[in-house]
Structures are given as structure tokens and as C-alpha cells.
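# when you get a sec, could you give me coordinates for this:
(one chain, ligands or ions: 1)
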Amino acid sequence: MATKRVVVAIPAPPAVSYEVIIGSGVLNELGARLESLLKPRRVTVITNDIVWEISGTRLTDSLNKAAIDFDLVSIPDGEANKTMETAGIILTALADCGAGRTDPVIALGGGVIGDVAGFAAAIYMRGVPFINVPTTLLAMADSSIGGKTAIDLPAGKNLAGAFHQPGLVISDLDLLTTLPDKELAAGRAEMLKAAMLQGDEFLAAWRTGISDALGGDLGVTEDLLERSVRYKAGVVAADALDMTGRRAFLNYGHTLGHALETLLGYGQLGHGAAVSIGMAFAARLSENAGLGVTGLARATEELLIEADLPDRPPALKAADIIAIMELDKKNLAAEITFVLLRDFGRPAIQTVPRALILSTLEEFMNG
Ligand SMILES: NC(=O)c1ccc[n+]([C@@H]2O[C@H](COP(=O)([O-])OP(=O)(O)OC[C@H]3O[C@@H](n4cnc5c(N)ncnc54)[C@H](O)[C@@H]3O)[C@@H](O)[C@H]2O)c1
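The predicted model follows:
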């Protein structure tokens, strides 16, 4: 299995470009790649105890081989700790370690570690180099690319943050062997979302490869992951600061997904399950709104089932769901903005009348 390399090239301004290295065993190359990229005096590694237990020895060996000293900051696990308080712990540790303006921060972990460590790197001394070593499938496919860093506030998720692109992303597939099924499903859902948004060759490769990937074929997983990363890299290059609407396509399936997570309580329904159900709903809504081609909802359900992802909603009241959506969108008007599909590969952002959302939700809840 050859190592894959994707370049994220953001044209302007300021122009930035960085490599995403994907493959089995690529964590071992971290030290050498860092040395040739930045020649760092020292680095600070931000992780948590779970991830350090799994990957700490390999990271240490890799940095030692390149003669790079490091300080380790282990933060508490989980979304509940993606907070200003945790960012403060990291910033204080950076200062205590004597980290300077050219000393990189390395995030070793899932999307939570990447988001909060990236945020600290964005604001420490007004920005220091940031290296992302994602260890979950979701972080490899999605959150490690594109430079969005964030913390949650009591008022909502990702409410504070900064754009701060990494200088390098190292995605080692070997780390996925310890990942729980629920976390793998979360990554798979985001990858399938990218395949549906891209359509064409990516979706064809997905249909051909998904059962082998589920059966443990790392080569196929690597191929699908590389395609997801290329897709996200293209979107980010076209709309790095989330200004033109292109990057908003990445929220496909997330409007209902977020509402389900909120209604059921975070952690009850996995993020992957929530987004999967959200995509099944968005496809049905696309058809009902007269935008999506006939058969889109059925084809979406088939793709979800093949990928061992849920396509049916939990038993909830449609009126409760729509109330959360309205709150989430801070939109109490008669319509809500959705990412819909004309067909696979042809996303559109459209406002949908409340009455149509409600009737489609009722139809969706009832089978
Ligand atoms: N910045 C972005 O563009 C972006 C995009 C999508 C999502 N996100 C954010 O990403 C976060 C979700 O990330 P996530 O799904 O990676 O969750 P996570 O970071 O909470 O990781 C999930 C769990 O897996 C554990 N873990 C990590 N690597 C492991 C491994 N190799 N083996 C076993 N366990 C491992 C973690 O400790 C954690 O308990 C959310 O906060 C979300 O807002 C950000």
C-alpha cells in the first residue's frame, strides 16, 4: 500500500499550501518530515491519555530519531472539554514550556484535540505553526483539513474559533485499528457525505469499495479516505474563509443531524448516525421540494445501508424536531435554509418552507 499525498493549496490571500500524508505507518515519518519542513528547535504535543496510550511510543520514537525535543500536554477527553478552559490550560503550558513563535504545536488526537489545540496555536503569540496528526477517521477525512479551529461556549458548539491552517497533516491508518465502531461510523458518514456531494468517480469508487472497506481492507479505506481529503481540499481551496457558500455544502445532512443530537442529548445518538439520518432526510426533502431527481431518496437509503449506517430516524415528534431546527438556525421565519441535492454531485443551498419540512418530517418518521 503506497503512501498517498494530497496538497491543500489555498490561493488567496494569504496563499497557503500544505501536504496531507495518508498511509499505513506514516506516523513514523513525522519527525523527519517536520525536520525538513520547519527544522524545529522543539515542539509541544497536545493529546489525551487514551490517544497517548495508543500512539505515544511511536510519536516519541519518530521525534527522537529526528532529534526534536518535545513537551507533552495531555488534556481531558471528550467534546465536553473543547472549552475555553482547556484552551487556557494549553496556552499556559505553552508559556511554561518556553514555547517560542516558531515552535510548532502538534495535535495528536481526534477532532476535539485538533480543534482546541489548533485554536491555541492560532492565538498563542498571535499564531504559531500547527501540525495535525488526526487519530480518528472523522478527523482524517474532515476536521484536520481546512484550518477551522474552535472551542464550544455554553451558548453553543464551535462558537469561538479562528482560521489557522496546519503546516502538515499526517494520517496514519494503523491508528484506526483501536477506534470504536461508533467513531468509525462517524468518519464513514462524513466520507459518504463527501462522496454524495462529489458524485461521479468518487461515488462509483465508494459503491465498488465500501463492502471491502467494511471487511477490513485497508487499501480500499485508504483510497476512499484520499478521495474524501481531495474533495474537502478542493472545497476549502475555493472558499477558505467560508464566505461564498461553497464550504456550506459540507453541512449536508447536518441540519436534521444537529437537531437529533440536541433533542436526544449529545452522546446518545452518535454524530455519524445523526448525520446519516440527516442525509436520508435531506434527500427526501430535496425530492419533495421538486429539486432532487426522482429516486434520490431511495438511492441515498441504499448507500447508507450498504455502508452500515442508519437511514431511519429514532421515534420523535416532528414538531419537536422542527422547533430545534428553528432555534439552531436562529430562524423563526416561515422557511429554513437547507443544503439539498439536485442529484449526487449537484448540491444547492435552498430555503424550504416550514410546512414542507414538517410534512416531509412526518412522512420520514412514519416510514
Ligand atoms: N474543524 C473542522 O473543520 C471540523 C470538522 C468536523 C468536525 N469537527 C469537530 O470534530 C470533533 C469530533 O471529532 P472526533 O469525531 O474525532 O471525536 P473525538 O476527538 O472526541 O474522538 C472520539 C473518541 O475517540 C478517541 N480516540 C481518538 N483516536 C483514537 C484511536 N486511534 N483509537 C481509539 N480511540 C481514539 C478519543 O479520545 C475520543 O474519546 C467535534 O468537536 C467537531 O465539532 C471539526
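# list the buried residues for the least confident helix or strand in the chain by mean pLDDT?
Least confident helix or strand, the chain: helix 318-328 with a mean of 86, by mean pLDDT, DSSP states H and E. Across helix 318-328, burial judged by 16 or more other C-beta atoms under 10 Å covers Ala318, Ile321, Ile322, Ile324, Met325, Glu326, Asp328. C-beta coordinates here come from the backbone N, C-alpha and C atoms, glycine included.
# residues touching the nearest residue to Met191 once chain neighbours are set aside, list them.
Distances taken as C-beta to C-beta, 6 or more residues apart in numbering put Ser228 closest to Met191, at 4.5 Å, once the chain neighbours are dropped. Ser228 sits next to Ala141, Asp142, Glu190, Met191, Ala194, Ala195 when contact means C-beta atoms under 8 Å, 6 or more residues apart in numbering.
# so Ser228 versus the ligand, what's the distance?
According to C-beta to the nearest ligand atom, to the nearest Å, Ser228 and the ligand sit 12 Å apart.
# where's that residue relative to Thr3, distance?
16 Å (C-beta to C-beta, to the nearest Å).
# likewise Ile113?
Distance of Ile113 to Thr3, given as C-beta to C-beta: 23 Å.
# same deal with Thr262?
As judged by C-beta to C-beta, Thr262 and Thr3 stand 40 Å apart.
# give the next helix or strand downstream of the strand or helix carrying the residue nearest to Met191.
Here Ser228, judged by DSSP states H and E, is contained in helix 218-238. Later in the chain than helix 218-238, the nearest helix or strand by DSSP H and E is helix 254-264.
# packing partners of that next one?
Packing partners of helix 254-264 (3 or more C-beta pairs under 8 Å, 6 or more residues apart in numbering; DSSP states H and E): helix 271-288, helix 318-328, strand 335-343.
# alpha carbons only: can I get stretch 270-284 in PDB?
What follows is stretch 270-284 as a C-alpha-only set of coordinates in PDB (Å, rounded to 0.1, in the frame of the first residue of the first chain):
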ATOM      1  CA  GLY A 270     -23.500   9.100  17.600                       C
ATOM      2  CA  HIS A 271     -22.600  12.000  15.300                       C
ATOM      3  CA  GLY A 272     -22.200   9.600  12.400                       C
ATOM      4  CA  ALA A 273     -25.700   8.200  13.000                       C
ATOM      5  CA  ALA A 274     -27.200  11.700  13.300                       C
ATOM      6  CA  VAL A 275     -25.600  12.900  10.000                       C
ATOM      7  CA  SER A 276     -26.600   9.600   8.200                       C
ATOM      8  CA  ILE A 277     -30.200  10.000   9.200                       C
ATOM      9  CA  GLY A 278     -29.900  13.700   8.300                       C
ATOM     10  CA  MET A 279     -28.700  12.800   4.800                       C
ATOM     11  CA  ALA A 280     -31.600  10.400   4.300                       C
ATOM     12  CA  PHE A 281     -34.000  13.200   5.300                       C
ATOM     13  CA  ALA A 282     -32.200  15.800   3.200                       C
ATOM     14  CA  ALA A 283     -32.500  13.600   0.100                       C
ATOM     15  CA  ARG A 284     -36.200  13.100   0.700                       C
END
